[in-house]
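Participant: My questions concern the predicted model and sequence given below.
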Amino acid sequence: MENILNISFLGLIFGMVGTTAGGVIGSIINISKSKYLSFMLEFTAGLMLSVICFELIPESLSLSSISYSIAGIILGVIAMILCDNRINSKYRYTNLGKSNNLLKTGIIIAIGLAIHNFPEGLAIGSGFDSSEKLGYALAIAICMHDIPEGVSIALPLKQGGMKKSKAIFYTMISGITTGIGALAGALIGKISEISISISLAFAAGAMLYIVSRRIITRV
């Protein structure tokens, strides 16, 4: 139980540090159209792809058969597609030149990214169940990924008229679900090696979707 709590705490810390750092950057400096933000996104995409290809998938394959790994990847992608479609159908926003729409945009992004942070936490929890090295590699990669996410939340909130302190606070809150996901991943991983394998593959699929749909397409 102590190990599970430690893993959950690490997932929470890494998730909130990344989003909070992005929130601070986004609330202080306007880099929405900056080449530095593009570089950050590209660096993050490369980092996450390396973790997916050289850590998550190989580790998943080593713990069970290829069929479980493929099933986990497919489920991860499908889960993220369903989340995206649900958010897009429930919240639609246009005309971002107005401050109220900018504020709404920031809130919607915060909700969407909070949902997306759950499978990232799942990856951290499952990773630590597999090995400490994999767990920390995932935590660091996800923390780096959360920085531009935090920027994307804080920028519209600040430009929509919200105080900087509140924009940073809401950005930080969006990282809490990473800790919840880490707890779920740690608990699932205690069941069997097959469950760890599927969880790692699920996280790989979810992160692959995030990289291809949410990061690369924004660069």
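Facilitator: Yep, that arrived.
Participant: quick one: the helices in this protein?
Facilitator: 2-28, 35-51, 57-63, 66-90, 99-130, 132-159, 164-173, 176-189, 193-209 (DSSP state H).
Participant: and the nearest residue to V17 once chain neighbours are set aside, how many neighbours?
Facilitator: Sequence neighbours aside, C143 is the residue nearest to V17 in space, at 5.8 Å (criterion: C-beta to C-beta, 6 or more residues apart in numbering). (Glycine included, C-beta is placed from N, CA and C.) By other C-beta atoms under 10 Å, 21 other residues sit near C143.
Participant: now C143: how far from P156?
Facilitator: The gap separating C143 from P156 is 22 Å, by C-beta to C-beta, to the nearest Å.
Participant: Compare the mean pLDDT across the helices of the chain and name the weakest.
Facilitator: Note on these: helix 35-51 shows the lowest mean pLDDT, a mean of 69.
Participant: for the residue nearest the centre of the chain, what are its contacts?
Facilitator: The chain has N117 as the residue nearest its centroid, 3.7 Å off, counting by C-alpha atoms, centre = their mean. The contact partners of N117, by C-beta atoms under 8 Å, 6 or more residues apart in numbering, come to 15, 19, 146, 174-175, 177-178, 181.
Participant: show me what contacts A139?
Facilitator: By C-beta under 8 Å, 6+ apart, the residues touching A139 are 10-11, 14, 124, 127.
Participant: quick one: contacts for A154?
Facilitator: So A154 contacts 22-27, 106, 167-168, 171 (C-beta under 8 Å, 6+ apart).
Participant: Now that we have the residues you listed, which of them are buried?
Facilitator: 22-27, 106, 167-168, 171 (16 or more other C-beta atoms under 10 Å).
Participant: Tell me the one of the residues you listed nearest I216?
Facilitator: The shortest separation between I216 and any of the buried ones among the contacts of A154 is 17.8 Å, and it belongs to G22 (by C-beta to C-beta).
Participant: contacting residues for that closest one?
Facilitator: 146-154, 171.
Participant: Quick check: the gap between the nearest residue to it once chain neighbours are set aside and G23.
Facilitator: Among residues not flanking G22 along the chain, G150 sits closest, at 2.1 Å (C-beta to C-beta, 6+ apart). G150 sits 4 Å away from G23, going by C-beta to C-beta.
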